[in-house]
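Engineer: Can you look at this prediction? I've put the sequence above it.
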Amino acid sequence: MQAIRVHPAQPPTPPYSPSNPAPSTSLHLDNIPIPHPTKPGELLIRIKATTIIRDMLTWPETYAHPYIIPGNDFAGTVVEIFLSGEESTFKIGDEVFGMVHADRPSTWAEYAIVLESEIALKPKGIEWEGAAALPLSGMTALEALFDHAGLSLLEEGDVEAQKENEKKEVLITGAAGGVGIYLVQLAATTGLRVIAASSSNARNGEFLQEIGAHEVIEYSALEDVKNRFDIIVDTVGGETLARCWRYVKEGGSLISVDSGSFNFVEEHGKRGVGRDGVKE
């Protein structure tokens, strides 16, 4: 089968690592044997679509072993199931999608081994590409809003909760991006007023409103905003995230899903950017 693999650095270049990321030229299309399931719960999937994540070459898992095959999200068909005497939930020919564990990237290939617990049947109305784009981005958005920001879905008929939520605003930066579009849709289900930040209203405004944003705002229009938002979920990082400290209310929540901003509270504190009274 064909697979894209990360080839190791050649001397005198230091070994690649998260602090010395491999360049794109280290990615090679190789011909390697097709793997086969060897344990209960394993299936072989013929990959129809996968995803490219911006920061993948900075992840520690990318350097777990030489010649690793990147990729975690996927959509494809089941072509082989490990026979262990137990009936599988899936059958040959099933169209599925899912995400392999972060420690086992492998989906930038024609075939990949996955676990039954990592897949679900692909809805008929979703194309291969759309199904592959969902798992990591959707899960990231879900965790940001419901685990870290503490939001919950409105219960049917709970008018008081709905009125209370309608008073609150959530700002989502990078709203038209891979994670941002799920944040907008999920935030809208909570009844909060969703403000989507975009670099261009002309390009993204109509689309973002169609998926649930109550207002679309360009970054330049945020310059004079202070202490406005109850919750901010940032997907951009960098200076955009640093400016968010001004926009969030006292007692509000500021969350970033940008992988390069995992320690932003500490880093911003050293720069004197952060402030007390904000939940991270």
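Structural biologist: Good, I have the coordinates.
Engineer: how about the most centrally placed residue in the chain, what does it touch?
Structural biologist: By Cα atoms, centre = their mean, the mean C-alpha position of the chain lies nearest to residue 137, the distance being 2.7 Å. Contacts of residue 137 were listed using Cβ atoms under 8 Å, 6 or more residues apart in numbering, and they are 178, 179, 181, 182. For every residue, glycine as well, the C-beta is placed using N, CA and C.
Engineer: By neighbour count, which of those residues wins?
Structural biologist: The residue in those with the most neighbours, by other Cβ atoms under 10 Å, is residue 181 (25 neighbours).
Engineer: Please spell out which residues along the helix or strand hosting that one are buried.
Structural biologist: Residue 181 belongs to helix 180-188 when assigned by DSSP states H and E. Using 16 or more other Cβ atoms under 10 Å as the burial criterion, the residues of helix 180-188 that qualify are 180, 181, 182, 183, 184, 186, 187, 188.
Engineer: neighbouring contacts of it?
Structural biologist: So helix 180-188 is in contact with 134, 137-138, 140-142, 144-146, 151, 170, 172-175, 194, 196, 208, 211-213, 233, 235, going by Cβ under 8 Å, 6+ apart.
Engineer: Would you mind splitting this protein into its domains for me?
Structural biologist: 2-133, 140-271 (automatic domain parsing).
Engineer: For my notes, please list these in JSON lines and give mean pLDDT for each entry.
Structural biologist: Converted to JSON lines, the domains of the chain look like this (pLDDT from 0 to 100):
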{"stretch": "domain 2-133", "mean pLDDT": "94"}
{"stretch": "domain 140-271", "mean pLDDT": "86"}
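Engineer: deepest of the ones you listed, which one?
Structural biologist: domain 140-271 (a mean of 18; mean count of other Cβ atoms under 10 Å).
Engineer: what's the first-to-last distance across it?
Structural biologist: End-to-end distance of domain 140-271 (Cα to Cα, to the nearest Å): 27 Å.
Engineer: from the chain's centre, how far out does that domain sit?
Structural biologist: 15 Å (Cα atoms, centre = their mean, to the nearest Å).
Engineer: just to revisit the earlier point, need the contacts of residue 137 in JSON lines with distance to residue 33, can you?
Structural biologist: Compiled in JSON lines, these are given as follows (distance: Cβ to Cβ, whole Å):
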{"residue": "178", "distance to residue 33": "32"}
{"residue": "179", "distance to residue 33": "35"}
{"residue": "181", "distance to residue 33": "38"}
{"residue": "182", "distance to residue 33": "36"}
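Engineer: Looking at the residues you listed, which one is closest to residue 24?
Structural biologist: Nearest to residue 24, judged by Cβ to Cβ, of the contacts of residue 137 is residue 178 at 18.8 Å.
Engineer: A strand includes residue 243, no?
Structural biologist: No. Counting by DSSP: H, G, I helix; E, B strand; the rest coil, residue 243 is located in no strand; its state is helix.
Engineer: any idea how far it lies from residue 215?
Structural biologist: 18 Å (Cβ to Cβ, to the nearest Å).
Engineer: circling back: Provide the secondary structure category for the residue nearest to the centre of the chain.
Structural biologist: Going by three-state DSSP: residue 137 is helix.
Engineer: Next, find the distance separating it from residue 247.
Structural biologist: Counting by Cβ to Cβ - residue 137 and residue 247 are separated by 23 Å.
Engineer: got it, and residue 79?
Structural biologist: From residue 79 to residue 247 the distance is 49 Å (Cβ to Cβ).
Engineer: tell me how far the ends of stretch 196-213 are from each other?
Structural biologist: End-to-end for stretch 196-213, by Cα to Cα: 6 Å.
Engineer: swap that for stretch 217-225, sorry
Structural biologist: One end of stretch 217-225 to the other measures 11 Å (Cα to Cα).
Engineer: go on, stretch 221-237?
Structural biologist: Across stretch 221-237, first to last residue, Cα to Cα, it's 18 Å.
Engineer: same thing with stretch 175-184?
Structural biologist: Note: stretch 175-184 ends 7 Å apart using Cα to Cα.
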